[in-house]
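Undergrad: here is a sequence with its predicted model. Questions after.
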Amino acid sequence: MDLEIQQRVKDLTEKYGAENMVVVIGGAEAEASGLSAETVAAGDPTFAGPLAGVDLGLSVFHVVEPEIKAECDEAIYDEQCGMMEMVLDVDAIIEEVKNVRDQFCKYL
């Protein structure tokens, strides 16, 4: 997760409160998705960005997770995500993000 996005997440969390935030990520690989999820939940694991050492505990989901998919208009989801869902390792992504959420998220 780049430094600009980390700062935006931090600013929005300060403005609206961590309990009112849900972060939806869309990384194409499980490992990258897990790192992004960990960054917004437990702090930047690289200790390089604005969220270094900042334990926000935010709820974080990947766009391919059933909880997010169920909230989307089916036609729009299929148009925007359907093709990618066919080529991604969806199960690995879901498992990785869920593990981070179960370990670090304070607000579900």
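TA: Right, received. Where do you want to start?

Undergrad: list the contacts of Glu95.
TA: Glu95 makes contacts with Ala30, as judged by C-beta atoms under 8 Å, 6 or more residues apart in numbering. C-beta coordinates here come from the backbone N, C-alpha and C atoms, glycine included.

Undergrad: again, only this time at 10 Å
TA: 30, 34, 89 (C-beta atoms under 10 Å, 6 or more residues apart in numbering).

Undergrad: highest neighbour count among the residues you listed?
TA: Gly34 (23 neighbours; other C-beta atoms under 10 Å).

Undergrad: what's the pLDDT at that one?
TA: For Gly34, the pLDDT comes out at 97.

Undergrad: and it, how far from Ala52?
TA: Going from Gly34 to Ala52 by C-beta to C-beta, to the nearest Å gives 17 Å.

Undergrad: can you check Pro45 too?
TA: Distance from Pro45 to Ala52, by C-beta to C-beta: 9 Å.

Undergrad: shared neighbours, those two?
TA: Thr39.

Undergrad: so where do the strands sit in this protein?
TA: Ranges of strands in the chain, per DSSP state E, are 22-25, 59-62.

Undergrad: and the contacts of Glu95, which is closest to Ala18?
TA: Ala18 lies nearest to Gly34 out of the contacts of Glu95, by C-beta to C-beta, at 19.9 Å.

Undergrad: and that closest one, what does it touch?
TA: 25, 27, 45, 60, 62, 92-93, 95-100.

Undergrad: buried ones among the residues you listed?
TA: 25, 27, 60, 62, 93, 96-98, 100 (16 or more other C-beta atoms under 10 Å).

Undergrad: much appreciated, bye for now.
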